[in-house]
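**Student:** I need the structure of the sequence given here:
(chains A and B)
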Protein chains: 2
Amino acid sequence: MKRTILSFLMIFIGSGFAASDEGMWTFDNLPVKALQERYSFTASAEWLDHARLSSVRFNDGGSGAFVSPDGLVLTNHHVALGQLQKVSTAERDFVKDGFYARKAQEELKCPDLELNVLQSSEEVTARVLAKIDPKASEKERNEARKAEMARIEKESTDATGLRSDVVELYQGGEYWLYRYKKFKDIRLVMAPEAQAAFYGGDPDNFTFPRYDLDFAFFRVYEDGKALKPAHWLRWSKAGAGDGELVFVTGHPGSTDRLKTGRQLRFERELRQPLRLKMLGRRRAAYYAYSARGVEQTRRAKDRIFSVENSIKAISGEAAALKTPELRGGKEQDEAAFRALVAKDPKLASAYGDSWDKLAKATDAVETRYKQLFYRQRMFGSKLADFAGMIVRLTAEVEKPNEKRYEEFRDSALDSLKFRLFSPAPVYADMEEALLADILGEALEELGPADPHVKAALGGGEPKAVAAGLIGATKLTDAAERKRLVEGGAKAVEASTDPLIVWARALDPHYRELRDWYEGSIQPIEVFEGNKIAKARFAVYGKSVYPDATFTLRLSYGKVAGYDQGTNRIPYKTAFGGLYARASEFDGKPPFDLPARVSKARSKVDLDAPLNLVTTNDIIGGNSGSPVINRDGEYVGLIFDGNIQGLVGRYGYAEDQARAVAVHSAGILEALKSIYGMDAIVAELTKTKS
Amino acid sequence: MKRTILSFLMIFIGSGFAASDEGMWTFDNLPVKALQERYSFTASAEWLDHARLSSVRFNDGGSGAFVSPDGLVLTNHHVALGQLQKVSTAERDFVKDGFYARKAQEELKCPDLELNVLQSSEEVTARVLAKIDPKASEKERNEARKAEMARIEKESTDATGLRSDVVELYQGGEYWLYRYKKFKDIRLVMAPEAQAAFYGGDPDNFTFPRYDLDFAFFRVYEDGKALKPAHWLRWSKAGAGDGELVFVTGHPGSTDRLKTGRQLRFERELRQPLRLKMLGRRRAAYYAYSARGVEQTRRAKDRIFSVENSIKAISGEAAALKTPELRGGKEQDEAAFRALVAKDPKLASAYGDSWDKLAKATDAVETRYKQLFYRQRMFGSKLADFAGMIVRLTAEVEKPNEKRYEEFRDSALDSLKFRLFSPAPVYADMEEALLADILGEALEELGPADPHVKAALGGGEPKAVAAGLIGATKLTDAAERKRLVEGGAKAVEASTDPLIVWARALDPHYRELRDWYEGSIQPIEVFEGNKIAKARFAVYGKSVYPDATFTLRLSYGKVAGYDQGTNRIPYKTAFGGLYARASEFDGKPPFDLPARVSKARSKVDLDAPLNLVTTNDIIGGNSGSPVINRDGEYVGLIFDGNIQGLVGRYGYAEDQARAVAVHSAGILEALKSIYGMDAIVAELTKTKS
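**Tutor:** Next comes the predicted model:
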C-alpha cells in the first residue's frame, strides 16, 4: 500500500531537460548525442548488455552488481542492514561487529532477501491502449488499463517463469513489460562493522567529504551452488580519477520532476510536513524503546537509521522545494509550456484544460489527505502490516486476476509471500511500542470520531489496545501467517487472533478510501497526466527520460569535486582523512573508530582513496549501484548523495549535487589491510574466470 | 590618508548588545558579570596586567605576543609576510623556503618593522571636551577638538618618550590617551614556508576545517641585546580542549557595528562595490605582472595574498550586509531605538534630529564619493604614496602641531619616518605596472575632465605617464626620500624629480577634497554621531564595548565546533588531516605540501592538534593575537576567522562565526618534527626564566 500512496503523485507531464549530466535513462533510449559530445563516448550493444546483466535489484529497496564469476554481489552495508539485523541476535550482533565468512560454509543464508536481474524488456504500449475504449468513462478506462496490465504480466509469468512487471514510463506515455530473473537463496559473505560503514552517523549522512566503508558482499546461490552469472563487472584496482567519465546503473526509486505547480504546492504545504511530523514522532518512539536497554538498542538499530535517513532526506527535499530558485523556475517553466500549448489550436483543444482538471483532482485529494495519510499506513509495525496484508490478500485472490489491487496480482504473489512468510524475528516488545505510537497518532490526528480510529481503538487507550493486540497475537510466528494465507478467506474469517480481528475491522475503512481514490482521483491523474505528457512531447520533442520507477536506469557523469558555501571539496577522500576526523573529534561518537579500523592504522595506506563524488544523477534506490568506467569496469559503489543533491527529486543541479561512492581501491584496501579478507580480494582481482 | 577615508564612517550611535561571547572589550571595562555567569571567571588585576603587557601590536597591521623571557614574539606568518618579502631576494626567497635562524647571529633584522606595547592608558575626555566651545560653529568645534588631542599627545610624548595616541572610543563618548613603548630593532627568527603557513591558499582562506602553520617568530632587541620583557606568556603544551574558556588579546582594526541604516546603505550600495571593483582590477594587474616571470611572481607574492584576502573578506562582508536577516535586524533595532528617543521629550529635543542630520551628511558625501575614492588613494604604488607623503609632510610640519592633518602631528612623525625611510627594496617594474593601472583607473572612473585626472595625466596615456614617472624618479632610494624630508618644503619645492613634481601638481586637488570633507562633513559625523552615542547610553545603559580602533582589546569565548550548512565541523584539526587533504587533492596546488612537511610525515604525530576554532569576537588586526587560557597561558595563535564570521563587521554571530587559530601543541609539533627548531622548542617550554 505504501507504494500506492507514494505513487499517486509520481506522474504527469513530459519533460524538456537540457544537456548537462542530467538523466536517469532507460537502456532503450540513451542520450547518445550528449554522451558523444560531452565525453566522446558511444555505448555499444555489448557494453549495455554487460552493464545491464551485471546489475542487480535488491527487492527490499536498493541496487547492486555481480563482481565475480562466482556470483559475488556487492551492495551497500545499509542495503544489507535489514538482513544483518534479521540474522543477528543478542548473542551475535553482526550489525555491530560485522560479518566475515572466510569460506563457503560460513556464508549465511538471508531470511527474506530477493534479488532481481533484468533479463529483457519490451514495449507493450499499443496492447494496453488498444483495450481502452475512448468512449468509456474515466473509471472504466482506468479499470480496463489495469486489467490489461495484469493480463500481460500473467501471460509472461506463465510463459517464461520470470517475474514480469508492466511498468508505466513517461506518465503512461509508454508501457513496458520488464522480465526479471529472481534469486531467493542469497547468502551473506562479508559486512564491516556498522560504525565503519556509517562512520560519522547522522551528522555526516548526506555530506561530503565522507569516510564510509558502506559496503557488503553477498553471494547468489542457485540449486544450492554458487551462481555463475553470465555477466559480472571486472574490478578496477586504480579506480576513477578526477574528471573521469563514469556510469551508474541501478534502480532509482522515484522522482517528481514533472509535477505541476499545483502538485508541488500540495507536496510543499501538505504531504511533506505530514511525513516529517510522522517520522519525527516515530523517531522519538524508537529512541524511547532503545532507552530500555542494550538489547532494545540493538533491535531498533536499523529502524533508527532508516527513520533518521528519511528525515534528513525529506527535510532536504522540503527545503529545496521552498527555495525561490526552484519555485520560480518551476513556475516559469510551466507558464512557458502552457503558453505554447495555448498558442496552437490543435494542442490547446486536445490538452489545454488538463492542468485545471488535474488541479481539481489535487483539490479533491486534499479534502481527504489526512485520512489517506494516517489510515493507510502502519509505518513501523510489521505485525499490523502483516495482519492487514493477510486480510486483504486472502480476500483479493478470490477475485479474477485483473480485478485485484495491483499488489495482489498473480505476478506479484510469489515475492509478496516470500516477505510475508519470512522467518526473520519479530520483536513483540518493539511491535507493541510502535503500534501504541501509531494508534496514538491516529487518535490525535484524525480525532476520536473518525470511523477508522473508532474501529482501531474501540474506545480504548492506545497503549492498552496495543498491549492487548500484540500480547495475544500469534502472527509473530511465520507458520501462523502461512496457515492463514493458505487457509484463505475462510481461515481468516474464522480466525480469533486479536490482530486479525482488528485488521478485519479496519479493512472496510481502508477499502472505502482506496476505492474512492482509485475510482475518482486516479483516473484523472492518469489520463490528464498522460495528456500533459503528450503535449510535452509535441512541444519539446522526445529526447527525455522518464521519472524514476525503481526500474533499471543508466546515468552518466564525471568524478568531480565542488565548492560548497565557503569550502573547496575534493573529488575523493583518503583513509588518512578517516583517521584525522576521528582525531579531530577526539574519537567521540559518532566519530569513534571500530577497534579493527583503529588497530589497522599502521598497516593501512593512508593515501589510498576511500570515498569519491560524481555528477551522476541518482536518487534513493540507487544505493548499492555500481560506478562503472568506460571500459565496463567496477570503479565505485554508490552509497549516498549530498544534501545539495536532494533537490534531485525535483530537478538536477550539476553545480553542487553529487553522488557519493566508496572508491573501488578503498574497498580493496579495507579488505586487505583492515579485515584480512584475502579470499574476497583474490576473487575480485583474479584476471580471468 | 587611508585611515582617514576608512574612518570617516567608523563612528556613531552607542550600543546595547546582549550577552553571548560578543565583544571586543577595553581593559578598563570588562563584562565582569557575563564572564562570571557564563564561565565562572573573574580576571584579577594581575591577570589583566600580565595579558596586556605580554601583548604586542605590529604597527604595520597585526598583533602578537611575547612568548619567552628572552623577547621572543610570536605572530602569524601572514603578519610577518611583508617583512619576509622585504628581506628576500631572487637568490634567497624566505617567503617560499621559510627562514630558520638556529642561533642568535643568524637572526635577521627587519627593515621597517615597529612593535608597540601598551604601557598605560588614561581617560582624557574631560580635558578634550573642555576645549570645545558649545557656541562655536561645528567646524570650529571640530578644529578645537583636534587641536587639543594633538596637544595632549605632544605633552605626553615629550614627558615620557613613549608613543602617545589620543583615541576616540564610543564615537567620541570617551577620549583616551594610550601610551606605547616602541621597539624598532626586530629580528626575524623563524618562519615556515608560505605554502605551509597558507596551506590551501585562497580557496581555504576564511574556512574551517583548516590546516595552516600560519606562525612566525621574531625577537625584540633593545640596545643590541635581546629584550627581557617584564611579561610574557607561558606555553601550554596541551593547549585548550573542547568547550574550554579562552581569551584573545589584540588589536582589532575596525568594526562598523554602530552605523545608522543610512550609513549601511551607503556601504552596501556605494562603498563596498567600489572597493571590490578596485581590488578586482588590481588583482588582475598583479597577475599580469606576475606572469612576466619567476622573479616577478616572487615580488608580487605578498601583494596578491593581500588583495585576494581583501576581496574574500569584503565579499563576505558585502554578502552579510545584503542578507535580509542583518538588514531587517539593523532596521528594527534602529526604529526601536529612535522610537524610545522620540518618546522622551528631553532625549527627543537633545538627540532626536541627529539621524536626519547624519543622513544629510551621507547624502553630501555621496555627491563626491567617487572623487574621494579614486583621487585619494594610490593603492598598490609605494612610490606614488611616498611622493604624496613627502609633499604633504614637508608642508604640514611648517604649521603649528595642532593645525596639521592628524597623521603629521609630532607624536606620529617618528613612526611615519621609520616607514618612509625604510631600506626595503622597491621594484620599479612592479611600481610602473601598478601606477599605470591606478592612472588608467582614475581616467576611466573620473573621466578626462576631472582636475585630478588632468593633473595626473597631463593629457598623456596612463602607461606612458607611469613609465616616464617611474623610469626617472630617484625615490626608489631611501636616502633620496630622507634628503627631501630633511630639506623640508624648500627642498621639495626645488625638486625636479618627476614623481615629486607630479605629486605637487596633485596636492591641491587632494587638499581641496580633504578640506571639504573635514570642514563640512566630518564635524557633523563627529558631533551628531556623538549625540546618538549619548542617546544610546541614556536609553540602553553603558555596559557596552566601543567599535574596534586598532587599539588593545580583550575578547572571551570558548573552543567550539559548529554545524555549517550540511557539515559537522570539529573544534580542531589534526596533522593527519593536513596530509589527508593533500592526498585528497592529489597534491595539486594550492593543496601541495612543501618538501619539508611531506618528508616529515612519518615523524609527525598525526593525532597532534593543528588548528582550532573558538567563539571569540575578532576581526582583521587580530591576526597574530594570542589565545590565552584562564591561567594566562598561551594555547593558540589567531590567524583567521571563518566566512560566517565576516558578518562581524556589523554584528556578532555566535552560532557559526568562529575565530581560527593555530593550536599551541601544533606549533610545538611542527617546530620539533618538521623544522627541527629545537632551540625554540626549548625556549618556549623551559619552565622558569
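
**Student:** tell me what the strand or helix carrying A:Met430 is packed against?
**Tutor:** For A:Met430, the host element (DSSP states H and E) is helix A:428-446. Helices and strands touching helix A:428-446, by 3 or more C-beta pairs under 8 Å, 6 or more residues apart in numbering or on different chains; DSSP states H and E, are helix A:272-290, helix A:294-322, helix A:354-375, helix A:382-396, helix A:451-457, helix A:462-472. The way it works is simple: take the backbone N, C-alpha and C, and place the C-beta from them, glycine included.

**Student:** CSV please, covering these and showing distance to B:Asn309 and mean neighbour count.
**Tutor:** Output for those, formatted as CSV (distance: least, C-beta to C-beta, whole Å; neighbours: other C-beta atoms under 10 Å in any protein chain shown):
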stretch, distance to B:Asn309, mean neighbour count
helix A:272-290, 42, 18
helix A:294-322, 32, 19
helix A:354-375, 52, 18
helix A:382-396, 58, 23
helix A:451-457, 63, 19
helix A:462-472, 61, 18
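
**Student:** mind listing what A:Gln296 touches?
**Tutor:** Taking C-beta atoms under 8 Å, 6 or more residues apart in numbering or on different chains as the criterion, A:Gln296 is in contact with A:Tyr289, A:Ser290, A:Asp429, A:Met430.

**Student:** Could you tell me how far it is located from chain B?
**Tutor:** 27 Å (C-beta to the nearest C-beta, to the nearest Å).

**Student:** So that residue versus B:Phe337, what's the distance?
**Tutor:** 55 Å (C-beta to C-beta, to the nearest Å).

**Student:** Now that we're looking at A:Ser543, what pLDDT does it have?
**Tutor:** Note for A:Ser543: predicted pLDDT of 72.

**Student:** try the one 3 residues further on
**Tutor:** Among the per-residue scores, A:Pro546 shows a pLDDT of 91.

**Student:** One more: A:Ala19?
**Tutor:** Reported pLDDT for A:Ala19: 56.

**Student:** Report how many residues lie close to A:Leu446.
**Tutor:** Number of residues near A:Leu446 (other C-beta atoms under 10 Å in any protein chain shown) recorded here: 19.

**Student:** For it, which residues are in contact?
**Tutor:** Counting by C-beta under 8 Å, 6+ apart, A:Leu446 makes contact with A:Lys370, A:Gln371, A:Tyr374, A:Arg375, A:His452, A:Val453.

**Student:** redo that, cut-off 7 Å
**Tutor:** With contacts defined as C-beta atoms under 7 Å, 6 or more residues apart in numbering or on different chains, A:Leu446 is in contact with A:Lys370, A:Gln371, A:Tyr374, A:His452, A:Val453.

**Student:** From the contact counts, what lies against the helix or strand where A:Ala412 lies?
**Tutor:** Assessed by DSSP H and E, A:Ala412 sits inside helix A:410-420. Contact partners of helix A:410-420 among helices and strands, from 3 or more C-beta pairs under 7 Å, 6 or more residues apart in numbering or on different chains; DSSP states H and E: helix A:138-160, strand A:163-169, helix A:478-494.

**Student:** low-scoring pLDDT stretches of the stretch 401-550 of chain A, where are they?
**Tutor:** A:542 (pLDDT under 70).

**Student:** Residue in it with the shortest distance to chain B?
**Tutor:** A:Ala548 (22.8 Å; C-beta to the nearest C-beta).

**Student:** Run a quick neighbour tally on that residue.
**Tutor:** Neighbours of A:Ala548 using other C-beta under 10 Å come to 24.

**Student:** So it: helix, strand or coil?
**Tutor:** coil (DSSP: H, G, I helix; E, B strand; the rest coil).

**Student:** Surely A:Glu244 and A:Val559 touch.
**Tutor:** Yes. With contact defined as C-beta atoms under 7 Å, A:Glu244 and A:Val559 form a contacting pair (5.0 Å).

**Student:** more neighbours, these two?
**Tutor:** A:Val559 (27 against 18).

**Student:** partners of that one in the sheet?
**Tutor:** According to DSSP bridges, the partner residues bridging A:Val559 are A:Thr614.

**Student:** State the distance from it to chain B.
**Tutor:** 12 Å.

**Student:** Could you pull up the residues touching that residue?
**Tutor:** A:Ala240, A:Gly241, A:Asp242, A:Gly243, A:Glu244, A:Val246, A:Tyr571, A:Leu612, A:Thr614.

**Student:** Just the buried ones from those?
**Tutor:** When these are checked for burial by 16 or more other C-beta atoms under 10 Å in any protein chain shown, the buried set is A:Ala240, A:Glu244, A:Val246, A:Tyr571, A:Leu612, A:Thr614.

**Student:** can you redo those as a markdown table with pLDDT and secondary structure?
**Tutor:** Shown next, in a markdown table, are the buried ones among the contacts of A:Val559 (pLDDT from 0 to 100; DSSP: H, G, I helix; E, B strand; the rest coil):
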| residue | pLDDT | secondary structure |
| --- | --- | --- |
| A:Ala240 | 96 | coil |
| A:Glu244 | 98 | coil |
| A:Val246 | 98 | strand |
| A:Tyr571 | 98 | coil |
| A:Leu612 | 98 | strand |
| A:Thr614 | 98 | strand |
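
**Student:** interface residues of chain A facing chain B?
**Tutor:** A:203-204, A:206-207, A:242, A:564-568, A:570, A:572-574, A:576-577, A:579-580, A:583-586, A:606-607, A:642-643 (C-beta under 7 Å from any C-beta of the partner chain).

**Student:** Next step: those residues restricted to strands.
**Tutor:** A:Gln564, A:Asn567, A:Arg568, A:Lys572, A:Thr573, A:Ala574 (DSSP state E).

**Student:** top of these by neighbour count?
**Tutor:** Top of those by neighbour count (other C-beta under 10 Å): A:Ala574, with 31 neighbours.

**Student:** Hmm, A:Asp605 and that residue touching each other?
**Tutor:** No. Between A:Ala574 and A:Asp605 there is no contact under C-beta under 7 Å: 8.7 Å.

**Student:** for the stretch 51-200 of chain A, what spans make up the helices?
**Tutor:** In the stretch 51-200 of chain A, helices defined by DSSP state H, counting those that start in this stretch lie at A:77-87, A:94-97, A:125-130, A:138-160, A:194-197, listed in chain order.

**Student:** going on from the lowest-mean-pLDDT helix or strand in chain A, what's the next piece of helix or strand?
**Tutor:** Ranking every helix and strand in chain A by mean pLDDT, DSSP states H and E puts helix A:2-7 at the bottom, with a mean of 27. Downstream of helix A:2-7, the next assigned helix or strand under DSSP H and E is helix A:32-39.
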